[in-house]
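**Q** everything below, folded, please.
(chains A, B and C)
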Amino acid sequence: MSTAIAELHETPAESGVNYLNATYGIRSWLVTLDHKRIGLLYLGSITLMFFVGGMAAVLMRLHLTEPQGALFEPETYNKMFSTHGIIMVFFFLVPSIPATLGNFLIPLMIGARDVAFPRLNLMSWYIFITGAALALYATLSGGVDTGWTFYPPYSSLFSHTHVVAVALGVFIAGFSSILTGLNFIVTIHKMRCPGMTWFRLPLFIWAMYATSLIFVLGTPVIAITLFLLGMERILHVGIFDPAVGGDPLLFQHLFWFYSHPAVYIMILPGMGVVSELITAFSRKKIFGYAFVAFSSLSIAIISFIVWGHHMFVTGQSIYAGLVFSVLSFLVAIPSAVKVFNWTATLYKGSISYEAPMLYALGFIGLFTIGGLTGLFLAALATDVHLNGTYFIVAHFHYVMVGGAVMAYMGGLHFWWPKITGRLYPDIWARIAAAIIFIGFNLTFFPQFMLGYLGMPRRYAMYPSEFQVLNVMSSAGASILGIGYVIPLIYLIWSMRYGQPAGPNPWGAKGLEWTTQSPPLTENFEEIPIVTEDAYNYASEAARV
Amino acid sequence: MSELAAHGAHPPGFAHQYEDIEQQRDAGKLGMWTFLVTEILFFGGMFTAYIIYRLLHLASFIQGSHNLKVVYGATNTAVLIVSSLTMALAIRSAQTGRKKGTTISWLVFTWLLGAAFIGIKLHYEWWPDWHEGLVPRFHWFYNGPHAPGVEMFMVFYFCMTGLHAMHMVVGLGILTVLLIMTARNKFSAEYYAPLEISGLYWHFVDIVWIFLFPLLYLIGGRY
Amino acid sequence: MMGFSQFGFDSLAALLAFMQFKPAAASSIADDVDQLYLFLSGITVFFAVLIFSIIFYFMLKYRRKSPDQSGTATHTPMALELTWTIIPSLICVVLFVWASSLYVRNGRPPDASTEIFVIGKQWMWHLQHPEGPREINELHVPVGVPVKLTMTSQDVIHDFYIPAFRVKKDVLPGRYSSIWFQPTETGTFHLFCAQYCGTNHSEMIGWVYVMSPTDYAAWLAGGEKTESMAQQGAQLFSQFGCESCHSSESGVHGPSLVGIYGKPQRAPNGETHVVDETSIRHSILAPSSVRQANYQSIMPTYQGQIDEEQMLQLIAYVKSLGSEERVNGK
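**A** From the prediction side, this is the model:
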C-alpha cells in the first residue's frame, strides 16, 4: 500500500502549533513573512474583488433582459461592463491562483521553508491592495467607461470618467505581479530540496514557473502603456492622437503585447491545478509528464507572438494578419496536448468524484470548448465576422470562467484541508459544482449564438430579435451567481465547524501532503529528501 | 531542529528561509538579474514607442533633437561611465577584504557622480528647457517648424530621461543604505552580496543611459 | 462545391436559419464564410463530444471501488503523444489555409466597384454617395454589384459591421480604411458599430437597404437635387484657395494634380508611394512633412479648417481630375 494512501487513515494531529496559531493578532498577520499567511491575505482580498466584479456582472445581465435595457442608462451600463472587466482581469484572475495557491504551495511542494524573498512577498501584497483600493475607490466615485481595454482616442481625449485613477490602480497592481513572478522564479530555481530535480517537480510548479515568466516579461509593458496613456490624458500631447501625429493603433499593439500573454497568466496556473487534481483523484501518474511540462513552457513563449489576432480588423496589413493567424493556431496545439494527456491519465485510474475532481473534469470539458472556439477567431475569415461580437465574450468566458475559475475552485477545495486544517462538507461542494456547471453553460452558450447572429458586445441595448437568447443567458447568470455564493458559505463555516483534517485526507502524493494540516510555520521539521518521481502512485496492480 | 541553531553558526546577514549562504547569494543574484530583465521590458516599451514615432516623423524628431543640449548629455554619459567604474571598485574593495574606509570612499565617489548626473541634468538641461518654453503643455512656447512633432518628441524626451532619473535617485538611495551598512561593518570578503547586487542595478541604469543618449541626442547626424 | 456537399451545406444552412441560429447570408462571401464556420463548429462538436464521452466512459469504468485502491501504472507511448500532436496540427493547417485564402481573396475589391464614403462619428454613421445623396445611419446599395466603402472617423475608433454580409472593419480617425461587398439578395439588413466608442455605442446602428438596380437608380435620382461629391469638391478647391497654386495653368507654386490619383510618386529620398485617399489627406493636413521633388515646401496646412466630409469631397474632386480634364478639354 502506498504511503500516501496509508496517510488517509491518519488522524489529525493533536491540536498543536501550526502557522495559523503560532502568533496571534492582526498585527502578526499584517507584518507576516510567512508565505502561507501571505497567501491567505491574498485570498481575502481577491475574494472581495471577485464578488465586487461578480456583482457588476449580475447587474449587467439583469439589465440585458430587455432590449432597451432594464435597469440603467447607457452611460451607467458602460461603466458596469468596464468595472466588471477591469476588476475581474486585473484584480481577480491575474492574481488568483498564483498569489493564493501559488504563494501557499510552492515552498511546500518543492521542500523549502519559504519563498526566496519573503519581505518582497509581503510588499507585493501591500502593493496589490493599494492598487485595488485605488481602483475600487475610483469605481465607487464614478468609475470608468472605457472598457478594460482603455482604447484611445476615446480613453485619452473623450471619456469624462476617472481613467487616470483606475489606470493608476492597475499600474500599481502590476508591480505586485512582477515581484511575485520574480519571487517564484528565484524560488523554483534555487530552493528546491535535495533530490527535487526539475523533472520530479509537480506539474503545478512547472505551470507556475511558466506563468512567472509571463509575469516578469509582459507586465512591465502594460505598465509603460498605461503610463503613456496617462501622459496623453493629462498632457494632451498626441502620443495616440492622430491629429498631432500620434497613432491609436500603437496603443493597441502595446496593450495587447501584455494582455494576450496575460490571458495565459490566467489559464496556465489553472492547468497546473488540474494536473494535480486529475492525478490525485485517479491515483495515477500523469500521462505524458514531459509533454505537459513542456507544453506549459511553449504556451508561455508562443503567447508573446500572437497579440495581433486581437487586431485583425483594425486595418493591419494582410501579411501581419497571416503571421499572427498561423502563430495563433500554433499556440492551440500545446493546450490540446494537455487535454489529451489529462484524459488519458484517467485510463485505468482509481477515480473518485469529490468536488475537486468534479471541478477538474468540468475544466477539461469547458476549456476544450473554449479553446476550440478560439480557432474560429484565429481563422482570419471567420474572425472578421465574429470580432467585436458576443462570440468573443462567450469564448473568453468559457476559458476564463469555465476554465480558470473552475480550476481555482477545484484547487481551493483540494488544498482547503491543508490550508485550514478542516474538511468542508463535500456534499454541498458537489451540489455547488453542479449548479455552477449548469449555470455557466446556460449563461454563456447562448452568447456564441448571439455573436454569430451579429450582436455586438458592449451594447447597452440591442435589437429585439436577440431577446430570447439574452434572457436565457441572464437566467443562467443568476444560477451561476447562486452557485458561487454557496461555497463562500460552507467554506467559511468549515473554518470553525468543519471536521478536523489529517495530513493527507485525499491520499495524494506531493510533499505538501507529508506535512501536518495546517502546516508548521517553517513547513517541515526537517527538509525532505526526494527520491521518487511526481505522482508516484501504485506501481503495482490496483488493489480491491 | 536545524533552523534553531545559534546565530553564531550562520554567517552575518544570513536569512533563515535558506539552507546556506551560497544558496542565499545565488538567489539574490538571480533575483536581481530577473528584476533587471523586467526593467528592460519596462524601458523597452517606451523605447519601442519612441523608435516607431521617430521612423514615422523623422523630420520633427530631428528638429526636436537639435533642441537638446548635447554637450551636457555627453558630459553626463562620461559621468555615469566613471561612476560604474567607481562602483565596481567599491565592490572589489569589499571583495578583497580592504579596510571599510576604502569601500566607503569608492561608494561616496559613486554617490557624488550620480548626484552630479542629476545636478547637471536639472541645472543645465531641464531648468533651461523650462526657461526656453520647451516643456510640453506646462511651459510650451516653441514656434519653430514641425511644432506638433517637436512637442511629441519633447514628451518622449522628458518621460524617458525622467524615468531614468527616477531610477538614478533610487540608486542614490540604495548607495546611501550601502554606505551605512559598510560603516557598520556588515561587509567582509565573505559577505558582500548586497554590494554586488546593487552594483548590477547601478550598471543597468548606466546602460539605459548609454542607449538613451544616442537615441535622443544624436539623431540627424548634425556633427 | 457541387453535388452532395453543396446540397448538404444548403440544407443545414436552411435548417439553422429557420431555427434562427444563423444570420441572413446576403453577400457573395457570406456562404463561404458560413461553410468555414460550420466546419469549425463541426470540429468543435466532434472534439468536445469525443473528450466528454471518453471522460464519462473512464469515470464510470474506472471508478474507485474501495477507499485504498490505487490506479494502475500505464506507460506513455510516444506514438500516441505524437499522434495527438500531429493530427490537431494538421487540422490547424487546413483551417489556416482555408481561412487565409478566403480572407485574402475577400480583401481585394473588384475594380469596377461602386464607391461610397463613410464617416463615423459619435454616435452616427454619415454615408455619402459620389453622385451626391447623403444618408445618416442608412445605406442604400444595388444588388449584384460590388460596393467599396472608404471610411474614416471624425473622433474615436468605430467599427462598421454588416452581419448579413459578413464584413467588418475598424474606422479610425486620421486615416481611411476600406471594405467591399457584393450584395446577393435584396432586403433590409442590420448595420452596427462594433467597436466600443462611448455612451451611445449601442445606438450607433442602422439599416442597409439592398435594392434592384432600377430601384437604386430611381432612389439616387429621387430626393433633393444635390451636386456630386466631385462638384462640391471643385467648389471647395477654389474656396480654400487651392486653385491659386494647383490649377493646371499656374503649375508654378504647386504641382499639377491632374491624374495624380493612383500614380506612384517619388520623394526626394527615393521612396515611392502610390497616391491614394490617405496620402492626399496627408498632403492637405501636413504638407510640410511631404517632400516633393522640384517644389519648395511652402504649402500651408489646412489642419482644423476642413472637416471630414469636405475632405472626402476634395479627394473626390482630385480623383476626378485627369478624366474630367480631358473631357472638358482644359
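
**Q** from here on, just use CA atoms for contacts and neighbour counts.
**A** Fine.

**Q** low-confidence ranges in the chain?
**A** Just so you know, I chose chain A. Chain A contains residues with pLDDT under 70 at A:1-15, A:538-544.

**Q** please go with chain B instead
**A** Along chain B, segments meeting pLDDT under 70 span B:1-9, B:221-223.

**Q** let's see 80
**A** B:1-13, B:145, B:220-223 (pLDDT under 80).

**Q** can you pull out the strands in it?
**A** Ranges of strands within chain B are B:134-135, B:139-140, based on DSSP state E.

**Q** what helix or strand is A:Ile486 located in?
**A** Using DSSP states H and E, A:Ile486 falls within helix A:467-497.

**Q** for the closest residue to B:Met32 other than its chain neighbours, what are its contacts?
**A** With sequence-adjacent residues excluded and distances taken as CA to CA, 6 or more residues apart in numbering or on different chains, B:Met32 is closest to B:Ile197, at 6.4 Å. For B:Ile197, the contact set (CA atoms under 8 Å, 6 or more residues apart in numbering or on different chains) comprises B:28-29, B:32.

**Q** what do you get for B:Leu30?
**A** A:Val186.

**Q** again with B:Tyr124
**A** Applying CA under 8 Å, 6+ apart to B:Tyr124 gives the contacts B:Tyr72.

**Q** state the distance from it to chain C.
**A** 32 Å (CA to the nearest CA, to the nearest Å).

**Q** how close does the residue nearest to B:Met32 get to B:Arg54?
**A** In this structure, B:Ile197 and B:Arg54 are 35 Å apart, going by CA to CA, to the nearest Å.

**Q** how about A:Asn536?
**A** For A:Asn536, the distance to B:Arg54 - CA to CA - is 58 Å.

**Q** now A:Ala262
**A** 29 Å.

**Q** so these two - more neighbours on which side?
**A** The neighbour count for A:Ala262 versus B:Arg54, taken as other CA atoms under 10 Å in any protein chain shown, is higher for A:Ala262 (25 against 19).

**Q** quick one: secondary structure of that one?
**A** The local conformation at A:Ala262, judged by DSSP: H, G, I helix; E, B strand; the rest coil, is helix.

**Q** show me where chain B has helices.
**A** B:21-56, B:58-66, B:70-95, B:100-120, B:127-131, B:147-183, B:193-217 (DSSP state H).

**Q** contacting residues around A:Thr187?
**A** Per CA under 8 Å, 6+ apart, neighbours of A:Thr187: A:107, A:115-116, B:27.

**Q** how near is the nearest residue to B:Val135 once chain neighbours are set aside to B:His123?
**A** Of all residues not flanking B:Val135 in the chain, B:Asp129 sits nearest, at 6.5 Å (CA to CA, 6+ apart). From B:Asp129 over to B:His123 the distance is 10 Å, taken as CA to CA.

**Q** what does A:Leu520 give?
**A** 57 Å.

**Q** more neighbours, those two?
**A** In this view A:Leu520 and B:His123 are compared by other CA under 10 Å, and A:Leu520 has more residues nearby, 19 against 11.

**Q** show me what contacts the closest residue to the more buried one other than its chain neighbours?
**A** Computed as CA to CA, 6+ apart, the closest residue to A:Leu520 that is not its neighbour in sequence is A:Asn18, at 4.2 Å. Residues in contact with A:Asn18 (CA under 8 Å, 6+ apart) are A:517-521.

**Q** C:Leu314 is in contact with C:Leu236, correct?
**A** Yes: with contact defined as CA atoms under 8 Å, C:Leu236 reaches C:Leu314; the gap is 6.7 Å.

**Q** residue of chain B closest to chain C, please.
**A** B:Ala59 (7.3 Å; CA to the nearest CA).

**Q** returning to what we had before: for B:Asn185, find the nearest of the strands of chain B.
**A** B:Asn185 lies closest, by CA to CA, to one member of the strands of chain B: strand B:134-135, at 45.9 Å.

**Q** identify the residue spatially nearest to residue 157, adjacent ones excluded.
**A** Just going to use chain A. A:Arg233 (6.4 Å).

**Q** not quite, go with chain B.
**A** B:Tyr157 sits nearest to B:Leu216 (CA to CA, 6+ apart), 6.9 Å away.

**Q** how close does the one you found get to chain A?
**A** To chain A, B:Leu216 is 17 Å away according to CA to the nearest CA.

**Q** can you count the residues close to that residue?
**A** Other residues near B:Leu216 come to 25 when the count uses other CA under 10 Å.

**Q** and stretch C:197-216, end to end?
**A** OK, stretch C:197-216 end separation, CA to CA: 32 Å.

**Q** more crowded one of C:Leu236 and C:Leu314?
**A** C:Leu314 (25 against 19).

**Q** so C:Lys169: helix, strand or coil?
**A** Assignment for C:Lys169 (three-state DSSP): strand.

**Q** I figured it hits A:Asp383, correct?
**A** No: counting by CA under 8 Å, C:Lys169 stays clear of A:Asp383, with 11.1 Å between them.

**Q** so the two - more neighbours on which side?
**A** Neighbours per residue (other CA under 10 Å) separate C:Lys169 from A:Asp383, with A:Asp383 holding more: 29 against 24.

**Q** and the residue of chain B found nearest chain A, what is it in contact with?
**A** Here chain B gets closest to chain A at one residue, B:Phe42, 4.5 Å apart by CA to the nearest CA. Counting by CA under 8 Å, 6+ apart, B:Phe42 makes contact with A:220-221, A:223-224.

**Q** how close does it get to A:Phe171?
**A** 12 Å.

**Q** ok, now C:Phe46?
**A** 42 Å.

**Q** so between those two, which is more surrounded?
**A** Neighbours were counted for C:Phe46 and for A:Phe171 using other CA under 10 Å; A:Phe171 has more, 23 against 12.

**Q** give me the neighbour count for residue 283.
**A** As the question left the chain open, I've gone with chain A. 34.

**Q** my question was about chain C, not that one.
**A** 17.

**Q** ok, now B:Ile210?
**A** The number of residues packed near B:Ile210 is 17, by other CA under 10 Å.

**Q** what does A:Gly174 give?
**A** 28.

**Q** surely it and A:Val221 touch.
**A** No: applying CA under 8 Å, one finds A:Gly174 not in contact with A:Val221, separated by 9.8 Å.

**Q** who in chain B is up against chain C?
**A** B:59, B:146 (CA under 8 Å from any CA of the partner chain).

**Q** and the next helix or strand past the top helix by length along chain C?
**A** Secondary structure of chain C read by DSSP H shows that its longest helix is helix C:30-61. Using DSSP H and E, the helix or strand that follows helix C:30-61 in sequence is helix C:78-107.
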